[in-house]
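**Q** Model the following, please.
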Amino acid sequence: MNRAANLARRLAAVEQQRDRRRLAHTYRLADGRTVRLSTLAMLRTFTAGLALNGKQPTEPPPTARDMAQLLPDADTSMIGRSMRAVAAEWCQAYDEGRLVALYRTEGSTAP
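**A** I've put the predicted structure just below:
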């Protein structure tokens, strides 16, 4: 019985590792580096960046810095472009010491 439990635990670990690998993709950045980014980490960064709209930004995590440097053809979908844009705005606002401006409001000028 102990042998069967060990085998089941090992199989579960292998399946979990395979699933984790599936959720990470390799991307080439504008500076020439190649990075492996987790889809879940990218989504966490995206939602955190969206929450910063109109606020003073915190220091962006390394995932946001990498997402800001993704090449435009890395993901041409609407969500891919949005994720890159939010990450780039977060990093730029932090570097410039200004509020995050994800969209224009009436009467405001372009960032």
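**Q** Leaving out sequence neighbours, find the closest residue to residue 67.
**A** residue 87 (3.7 Å; Cβ to Cβ, 6 or more residues apart in numbering). (Each C-beta comes from the backbone N, C-alpha and C, glycine too.)
**Q** That neighbour: which element?
**A** helix 78-96 (DSSP states H and E).
**Q** Can you point out the buried residues in that helix?
**A** 80, 83, 84, 86, 87, 88, 89, 90, 91, 92, 93, 94 (16 or more other Cβ atoms under 10 Å).
**Q** Point to the helix or strand of this structure where mean pLDDT is at its lowest.
**A** helix 2-22 (a mean of 77; mean pLDDT, DSSP states H and E).
**Q** picking that back up, turn the buried residues of helix 78-96 into a markdown table, columns for distance to residue 14.
**A** Below are the buried residues of helix 78-96 laid out as a markdown table (distance: Cβ to Cβ, whole Å):
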| residue | distance to residue 14 |
| --- | --- |
| 80 | 30 |
| 83 | 30 |
| 84 | 33 |
| 86 | 35 |
| 87 | 33 |
| 88 | 37 |
| 89 | 40 |
| 90 | 36 |
| 91 | 37 |
| 92 | 42 |
| 93 | 42 |
| 94 | 40 |
